[in-house]
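# Whatever this is, show me its structure:
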Amino acid sequence: DKRPPTMDSEVTSIEMKPASQGVTNLGYRSTENGLSDHPDSVQHNSVKFEIEENSDDEVYTGCARVANKIQTGVVGTLSKHGSKIKLLFKLVLLLLYFAYFGYAMYYRFGDEGSIRLLVCTILGVLILLLYTFNRLSGFKFKFSSEERSLSKEKKIKKIKRHTGRFLMLAVFIALAAYIIYDVLLDYPQNAISVAGLALYIIIFYVFSKNPAKVKWRPVFWGFALQYIFALVILRTSWGYQAFQWLGDRVTEFLNYSNAGATFLFGDILVTTYSLFAFRVLPVVVYFYTVTSVLYYLGVMQVIVKKMGMFLSFCLGTSPAESLNAAGNIFVGMTEAPLMIQPFLKDMTKSELHAVMTGGFATIAGSVLGAYINFGVPANHLITASVMSAPAALAISKLAYPETERTRKQDFDKMGKSKDRNVIEAISSGASNSVKVVAAIAVNVMAFLCVLEFVNMTLDWFGDRVGVDGLSFQLICSYVFYPIAYFMGTDVSDCRKVAELVGIKTFTNEFLAYKELSVLIANKKNFTDYTAQWNSSADWYYQGDDIVLPYVNQTLKKGIMSGKSEVIATYALCGFSNIGSMGIFLGGMSALVPSRRGDLAQIVVRAMVAGNVACFLTGCIAGLLYKDYNT
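Okay, here's the model as predicted:
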C-alpha cells in the first residue's frame, strides 16, 4: 500500500481513495486550490490536494513523468496566477499597440489612413476607460421605489413629468425655428414634406387602436431623434462628410467578399460581369459571417444594449422593444427577436406590435451590403437604418398604444451565442447564411417571373381596348403618386418614386433597390455624357427613356434628381411588404408559440406601420435634403 508522502507541516485532513488493481503510479493533477502529486487527497495548510491513481496504461516513467510534471506546473501556475497573467498579457499588448500607434503617427500623418487610425484609437481608448471605470467602481443606477416614501415618489414623478414636457416644448421650438430659418426660407417647396409628416400623424392617430391611450412622449421623441440624425448628415457639411467617409469604409469592407467570390466563380465572372449571383450574394455570406463572429465575441450585444438603453431613456419604451429596435439596425427581422427571446412570452400586445413594426421598418446589415453593391449611396443607407429605429417605435406607439400593464424587464437578459470559439462562429455564420442567400435568390427569381407574367397579362388586356404599355409598374406609379409627392419628391420624379414604392410593397425591397440602381447608374452615365457633349441637341427623350446618340446608348426610364434619389433610398429601406408578413409571422411563432394568435392579429397593422415609418424617414430626407456635391 502506498502512503501519503511525509510532510513537514501538520496535516489537517486526509481523504483516502480506493486503489485500483494493478500497478499504480503517483500522478500529478491541478485542482482549484493547488497541485496534486499523490493518488490520495491531502489537506495541507488549508489547501486541498487531490492525488490521482493511474492504471497500467497510464504509468508515468522517464520522459513521460518529466512531461507530466511540466504540464502540472504550467497548469498550476495558470490556475493560481491566471488572472494576473492575463492582465499582464493584455497590458503588454496594449503597450505594443501604443508603440505601433506612436510610430505610425510619426512615420506618416495627414492622409486618410492616419486619420482613420487616430479616430479608431481615440474611440477605443474611451471605451476602454469607460469599461475600466465600470469594473473598478461597480457603479450602477438604482431606482428603487421601496427606498422612497410615497410622498417623495409622487414629488419625483411630478418633477419628471414637468421636466419632460419642458424638454419636449424646447426641442420642438428649436427644431421648428431651425427648419423655418435654414430650410423653408431658402427652399419653400420643402414644406410639402412637413405636410406629409402631419398627414401621416393625423391619419394614424384617427385610426389608432385606442386614440385615448396614445402617449405622446415616444411619438414626439421618435420623430425628434429622426430629425436630429437627419440634421447631422443632411444639413451639416461635417456630418455629410463623416457619413460619406463611413459609407466608403463600409463599401471597402464589403469589397473583401470579392476574394471568396473570385475563388469560387473565377476572376473573369466576378470582375468583368456584374451579375447578381457573382457580386451581390457573396456579400450577404460575408456580412452574415462577420455578424456571427461579432455576436460570439459579445460586441454586437454591447452595441445593441447601449443603443437600446438610449432609445428606452429617450422614448420611455420598455427594455425589450427598445433592444429589438436597436438590434434591427444590424440584423434582420427574424434574427433581432432572438436577442429578446426571454421577454417575448410576457410582452403586451403593444410591445409585440412594436417588435414587429421595427422588423418591417428596417433592413438587415447583410442585405444592406447587397444594396450598397447595387450602387445605392452607402451613407444614406446607413443613416436610413439608424433613423428607422426611433421611427418604428414612434409610429407603433401611435398606431397601437399601450393599454396593458407592462412587466418589469432587464436589459441584461439578452440571448447569447451558442458557438464555442471563433472558428465555430465563422462556420455557423457561413452555414446559416445559406438559407438567407437561397431565400433571396429564389424570391428575386420568383417575383421577377411573376411580375413579368402580370405585366404581360396587363399588356394583353390593355391591348384589347387600345391602351399601350399597361403594366404593374405603371399602375403603381399612379396609385402611390400621393405618397411620393408628400415625401417631397420632385414633381417630375413622383411617378418613378411611386413605382419603386409599389414594387417594394407588393414584391420586395430587393427588386425596388435593383430598379433604383438602374436610375442611379443612368444619372452617372448621363452626367458623364453631358460633360463631353454639353448641348440639348446631343441627346433627346424617347418616351421616358433618354437616348444618347453619340455613344449609341439608351437610358431606360430616364434619370432622377439627386433629391429624389435620396428620398427613394430612405423610403425603400425596410422589409415592409406582403411577402415578409409570412416570413416574420412564421419566425416569431416559432420563438413564442403561445402568442401565435396575438401575432397573427397584429401582423397586417404592423406591416402598414413599418411602411409608414419608412415613408416618414423619406419625408424628413425630403425636408432637410441639401446637395453638397454642387
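# Please enumerate the strands of the stretch 201-350 of the chain.
With DSSP state E, counting those that start in this stretch, there are no strands along the stretch 201-350 of the chain.
# For it, which segments count as helices?
216-234, 237-254, 257-265, 267-272, 281-297, 299-315, 319-327, 341-344, 349-361 (DSSP state H, counting those that start in this stretch).
# Would you reformat the ones you listed as TSV and include mean pLDDT?
Below are those laid out as TSV (pLDDT from 0 to 100):
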stretch	mean pLDDT
helix 216-234	86
helix 237-254	80
helix 257-265	80
helix 267-272	66
helix 281-297	83
helix 299-315	82
helix 319-327	85
helix 341-344	80
helix 349-361	91
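# Can you add mean neighbour count and distance to residue 125 and give the ones you listed back as JSON lines?
For every residue, glycine as well, the C-beta is placed using N, CA and C. Formatted as JSON lines, the helices of the stretch 201-350 of the chain follow (neighbours: other CB atoms under 10 Å; distance: least, CB to CB, whole Å):
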{"stretch": "helix 216-234", "mean neighbour count": "21", "distance to residue 125": "23"}
{"stretch": "helix 237-254", "mean neighbour count": "15", "distance to residue 125": "19"}
{"stretch": "helix 257-265", "mean neighbour count": "16", "distance to residue 125": "31"}
{"stretch": "helix 267-272", "mean neighbour count": "14", "distance to residue 125": "39"}
{"stretch": "helix 281-297", "mean neighbour count": "23", "distance to residue 125": "19"}
{"stretch": "helix 299-315", "mean neighbour count": "19", "distance to residue 125": "16"}
{"stretch": "helix 319-327", "mean neighbour count": "30", "distance to residue 125": "24"}
{"stretch": "helix 341-344", "mean neighbour count": "18", "distance to residue 125": "34"}
{"stretch": "helix 349-361", "mean neighbour count": "29", "distance to residue 125": "33"}
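# and residue 264, what does it touch?
residue 282 (CB atoms under 8 Å, 6 or more residues apart in numbering).
# Enumerate every residue touching the residue lying closest to residue 481 once chain neighbours are set aside.
Nearest residue to residue 481, sequence neighbours excluded (CB to CB, 6 or more residues apart in numbering): residue 498, at 4.7 Å. By CB under 8 Å, 6+ apart, the contact list for residue 498 reads 476, 477, 478, 479, 480, 481, 483, 484.
# which one of those residues is nearest residue 318?
residue 483 (30.9 Å; CB to CB).
# and the closest one, what helix or strand is that in?
Secondary structure from DSSP states H and E places residue 483 in helix 481-486.
# quick revisit: do you know which of the helices of the stretch 201-350 of the chain lies nearest residue 521?
helix 237-254 (15.8 Å).
# Now tell me what touches the closest one from outside.
Under CB under 8 Å, 6+ apart, the answer for helix 237-254 is 116, 231-234, 283, 286-287, 369, 372-373, 377-383, 628.
# roughly how far is it from the heart of the chain?
16 Å (CA atoms, centre = their mean, to the nearest Å).
# can you check stretch 426-437 too?
Taking mean C-alpha positions (CA atoms, centre = their mean), stretch 426-437 and its chain are 17 Å apart.
# picking up where we left off before, closest one to residue 510 among the helices of the stretch 201-350 of the chain?
helix 281-297 (10.7 Å).
# elements contacting that closest one?
helix 237-254, helix 257-265, helix 299-315, helix 365-374, helix 422-464 (3 or more CB pairs under 8 Å, 6 or more residues apart in numbering; DSSP states H and E).
# Identify whichever of those helices lies nearest to residue 191.
Nearest of these (CB to CB): helix 237-254, 22.4 Å.
# now the stretch 451-600 of the chain, which segments are flagged as low pLDDT?
Under the criterion pLDDT under 70, the flagged ranges of the stretch 451-600 of the chain are 535-537.
# Which residue ranges of it form helices?
Under DSSP H, counting those that start in this stretch, the stretch 451-600 of the chain gives helices at 472-479, 481-486, 494-506, 509-532, 562-571, 578-591, 596-624.
# okay if I get those as JSON lines plus distance to residue 294?
Output for those, formatted as JSON lines (distance: least, CB to CB, whole Å):
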{"stretch": "helix 472-479", "distance to residue 294": "38"}
{"stretch": "helix 481-486", "distance to residue 294": "36"}
{"stretch": "helix 494-506", "distance to residue 294": "28"}
{"stretch": "helix 509-532", "distance to residue 294": "24"}
{"stretch": "helix 562-571", "distance to residue 294": "25"}
{"stretch": "helix 578-591", "distance to residue 294": "21"}
{"stretch": "helix 596-624", "distance to residue 294": "25"}
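# how about the ones you listed, which one is nearest residue 322?
Here helix 596-624 is closest among the helices of the stretch 451-600 of the chain (CB to CB), at 15.3 Å.
# quick one: that closest one to helix 216-234, angle?
Going by axes from the mean of the first three to the mean of the last three CA atoms, to 10 degrees, helix 596-624 is angled at 40 degrees with respect to helix 216-234.
# What is helix 596-624 packed up against?
helix 191-206, helix 216-234, helix 349-361, helix 378-399, helix 562-571, helix 578-591.
# which helix is the longest one in this protein?
Ranked by number of residues, the top helix in the chain under DSSP state H is helix 63-107.
# Now the following helix or strand past that helix: buried residues?
As assigned by DSSP H and E, the chain's next helix or strand after helix 63-107 is helix 112-137. Buried residues in helix 112-137, defined by neighbour count with 16 or more other CB atoms under 10 Å: residue 117.
# So, low pLDDT: which residues of the stretch 51-200 of the chain?
For the stretch 51-200 of the chain, the ranges with pLDDT under 70 are 51-60, 137-153.
# follow-up on the earlier one: I'd like to know which of the helices of the stretch 451-600 of the chain is closest to residue 168.
Of the helices of the stretch 451-600 of the chain, the one closest to residue 168 (CB to CB) turns out to be helix 596-624, at 17.9 Å.
# Residue 335 against residue 362, yeah?
No: Residue 335 lies out of contact with residue 362 (CB atoms under 8 Å); the separation is 11.4 Å.
# So for the two, which sits in the more crowded spot?
residue 362 (33 against 22; other CB atoms under 10 Å).
# ok, for the more buried one, nearest residue in space, not its chain neighbours?
residue 328 (4.1 Å).
# Give me the phi and psi for that neighbour.
Reported as degrees, to the nearest 10, the phi and psi values for residue 328 are phi -70, psi -20.
# Check residue 533 too.
Dihedral angles for residue 533 - degrees, to the nearest 10 - are phi -120, psi 90.
# what's it in contact with, if anything?
With CB under 8 Å, 6+ apart, residue 533 has these contacts: 539, 550.
# go with 7 Å
Applying CB atoms under 7 Å, 6 or more residues apart in numbering, we find residue 533 in contact with residue 550.
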